[in-house]
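Asks: Fold the following and give me the result.
(one chain, ligands or ions: 1)
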Amino acid sequence: MPRLPLLGLLFAAPLAAQQTAAERSGFTATSSHAEVVAFLDSLQRLGAGVRVGRLGTSPEGRIIPYVIASRPLVDGPAEAHRSGKPVVYVQGNIHGGEVEGKEAALMLLRDLTLGAAPVRGLLDSVVLIVVPVYNADGNDAFGPGTRNRPGQLGPDSAGRRPNGQGLDLNRDYVKQEAPETRASARLLEQWDPDLFLDLHTTNGSYHGYVLTYAPGLNPNSSPANDYVRDRLLPEVRSRVRARYRQEIFSYGNFRNADPDSLHLGWETYDPRPRFGVNWMGMRGRMAILSEAYSHADFRTRVSASYNFVVEVLRFAAAEPATIRSLNLAATRQRPDSVILRSELGPPVRMEVIAELTEPAGQGGGSGPFTRRRPTGRFRTVEMPVFDRFVAARKEAIPAAYLLPPQHAPIADLLRSQGIEVRRLLSPWQGAGEAFRLDSLTVQPLFEGHRTIGVEGAWRPRPVTVRPGWFVVSTDQRLGVLAAYLLEPASEDGLVTWNLLDRDLRRGQDAPIVRIRQPLRASTELLP
Ligand SMILES: [Zn+2]
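Replies: Below is the predicted model of the structure:
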């Protein structure tokens, strides 16, 4: 296969079809929502053979498009999975000002359908679902890049991080308060993609990589995510280096940006499922975070995102059976415990490329990195790399959780996550467990919530329930996710996001009870 430098691809392909707004502007501007829609229309008019659907509607009324692309074009999820090809979901622009994922996704759709070999051939071997402008409202809230994306090298005008309700969509996967999240969860449930790719731009350290990446980080993640971390991503890293001469690495920030303290290490972000990639990992599917480097220019960031997605697709296309079987194993595995809280795991010593910085002096802004100025000098330093989390607290997984009828909003949220919830049709009593609350901590305001942390323990208690109670069995595909969300001591569950506030009292039992043996009673599945 010829080693085409990326610029060759960027400038050869548009001759065959429409250019994106970014390409037309020479990478000084990014597409509005209307320009994304017009670009997708033009692809269809030119015979790209893709199907464009409506994911949902944003709070400000914008229709969020999704695109199905495959060769031959599949008519739905069943046909997609029957084909044996990996089904890959690519999402751009979840944070409105982080625009290169959107641009790369549009270019890729064009090049896969109307472009030239070798990229074009990839579409014979994967089924793609692309949501180029997931946060349509944030994308169109254009303002000076210096305000909306401080530290990001272009474009001059970019959108803002939250959606039209002011919510950060990449903190919304547990509580699902945004219509975008609910709509996307529905699509993901229908299509059940093998691999989820979420495209962002960094906010942090000065380093030597055009792009950094992470697998699902929640330690409840399955062997599928271990495979992403240990096989897929390192292989993609070496291919990107060989084919495009671009350096990419595990996502992280330096523990200390001072050149004399770089040896302290490089640390990844957060294992909680409020982040989409971690949430998908907990659903037993392969998931990848992509973070183009904000201090690289816009054209370079688009090219890095494009090349990264191409090489991930190429890897997936070559290993469909492995990917399918690992995802299937994740669906079938029945762990006997759920990890409720995590801590950083032991580091691995690796070489990391740092861009040296110096104090920015007066007016350096706030935060650990804005106070320092890059020097254009790089140094490769061996240091501890903290790229994973391990269990800090576990609970045995019970047979089922039982919820009183007044907690219908919780039942609704669980169903939105794809978790099966049943309703009790007859009374039942038997041995169970209740969670006695020892203490409760209220956190500062975050995303419109004062999130809650509780301490306490389960203890045996006779349980009596009436018709109308909700039953959540853990013997289901998303049983571990269900347990994680319902356990009161979870670091990112329903208690965290205030769904049980009115029923939590120190020294008393929480309203959720659990049973060790499967419920022998008449129930109906909620639709
Ligand atoms: Zn982001």
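
Asks: Tell me which other helices or strands the helix or strand containing residue 458 touches.
Replies: Using DSSP states H and E, the element containing residue 458 is strand 449-465. Contacts defined by 3 or more C-beta pairs under 8 Å, 6 or more residues apart in numbering; DSSP states H and E place strand 449-465 against strand 428-446, strand 509-515. (Each C-beta comes from the backbone N, C-alpha and C, glycine too.)

Asks: so which of those strands is the most packed in?
Replies: The highest average neighbour count among these, using mean count of other C-beta atoms under 10 Å, belongs to strand 509-515 at a mean of 21.

Asks: What mean pLDDT does that strand get?
Replies: Mean per-residue pLDDT for strand 509-515: 97.

Asks: what angle separates it from strand 428-446?
Replies: Strand 509-515 runs at 130 degrees relative to strand 428-446, counting by axes from the mean of the first three to the mean of the last three C-alpha atoms, to 10 degrees.

Asks: Quick one: the strands in the stretch 351-500 of the chain, in order.
Replies: Here the stretch 351-500 of the chain has its strands, by DSSP state E, counting those that start in this stretch, at 372-386, 389-396, 400-403, 422-424, 428-446, 449-465, 470-473.

Asks: contacting residues around the fourth one?
Replies: Strand 422-424 is contacted from outside by 402, 465-473, 519, 521-526, using C-beta atoms under 8 Å, 6 or more residues apart in numbering.

Asks: coming back round to it: could you dump the strand holding residue 458 to PDB, C-alpha only?
Replies: The C-alpha trace of strand 449-465 is given here as PDB (Å, rounded to 0.1, in the frame of the first residue of the first chain):
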ATOM      1  CA  HIS A 449     -26.400  19.100  40.900                       C
ATOM      2  CA  ARG A 450     -25.100  18.900  44.300                       C
ATOM      3  CA  THR A 451     -23.800  15.300  43.900                       C
ATOM      4  CA  ILE A 452     -24.000  13.000  46.800                       C
ATOM      5  CA  GLY A 453     -21.600  10.500  48.300                       C
ATOM      6  CA  VAL A 454     -22.700   8.000  50.900                       C
ATOM      7  CA  GLU A 455     -21.100   5.600  53.300                       C
ATOM      8  CA  GLY A 456     -22.900   2.600  54.700                       C
ATOM      9  CA  ALA A 457     -23.400  -1.200  54.400                       C
ATOM     10  CA  TRP A 458     -25.900  -3.800  53.400                       C
ATOM     11  CA  ARG A 459     -27.400  -5.800  56.200                       C
ATOM     12  CA  PRO A 460     -30.000  -8.700  56.200                       C
ATOM     13  CA  ARG A 461     -33.600  -7.600  56.500                       C
ATOM     14  CA  PRO A 462     -36.900  -9.300  55.800                       C
ATOM     15  CA  VAL A 463     -38.400  -7.700  52.700                       C
ATOM     16  CA  THR A 464     -42.100  -7.200  51.900                       C
ATOM     17  CA  VAL A 465     -43.000  -5.800  48.500                       C
END
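
Asks: Check which element follows the top helix by length along the chain along the chain.
Replies: If you go by DSSP state H, the chain has its longest helix at helix 298-318. Moving toward the C-terminus from helix 298-318, the next helix or strand (DSSP H and E) is helix 320-332.

Asks: any idea how far residue 273 lies from the ion?
Replies: Taking C-beta to the ion, to the nearest Å as the measure, residue 273 falls 16 Å from the ion.

Asks: no, scratch that, I was asking about residue 357
Replies: Relative to the ion, residue 357 is positioned 22 Å away (criterion: C-beta to the ion).

Asks: With residue 526 instead?
Replies: From residue 526 to the ion the distance is 34 Å (C-beta to the ion).

Asks: can you tell me which of the strands of the stretch 351-500 of the chain the model trusts least?
Replies: Note on the strands of the stretch 351-500 of the chain: lowest mean pLDDT is at strand 372-386, with a mean of 92.

Asks: helices and strands around that one, which ones?
Replies: If contacts are counted by 3+ C-beta pairs under 8 Å, 6+ apart, strand 372-386 sits against strand 266-267, strand 348-359.

Asks: mind checking which of the strands of the stretch 351-500 of the chain is nearest the ion?
Replies: The ion sits nearest to strand 428-446 of all these, at 16.4 Å, using C-beta to the ion.

Asks: one step back: the helices and strands packed on strand 449-465 into a markdown table, with extra columns for distance to the ion?
Replies: Formatted as a markdown table, those follow (distance: least, C-beta to the ion, whole Å):
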| stretch | distance to the ion |
| --- | --- |
| strand 428-446 | 16 |
| strand 509-515 | 33 |
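
Asks: Indicate which one of those is closest to residue 132.
Replies: Closest approach to residue 132 among the helices and strands packed on strand 449-465 (C-beta to C-beta): strand 428-446, 28.4 Å.

Asks: strands paired with that closest one, and their directions?
Replies: Partner strands and pairing direction for strand 428-446 (DSSP bridges) are strand 449-465 (antiparallel), strand 509-515 (antiparallel).

Asks: and residue 93, what does it touch?
Replies: Contacts of residue 93 by C-beta under 8 Å, 6+ apart are 99, 101-102, 132-135, 138-139, 159, 199.

Asks: now these as CSV including pLDDT, neighbour count and distance to the ion?
Replies: Below are those laid out as CSV (pLDDT from 0 to 100; neighbours: other C-beta atoms under 10 Å; distance: C-beta to the ion, whole Å):
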residue, pLDDT, neighbour count, distance to the ion
99, 97, 33, 11
101, 98, 32, 9
102, 98, 33, 12
132, 98, 30, 15
133, 98, 32, 14
134, 98, 31, 11
135, 98, 34, 10
138, 98, 30, 10
139, 98, 31, 13
159, 97, 28, 12
199, 98, 30, 9
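
Asks: Quick check: helices, which of these are part of them?
Replies: Using DSSP H, these in helices are 101-102, 138-139.
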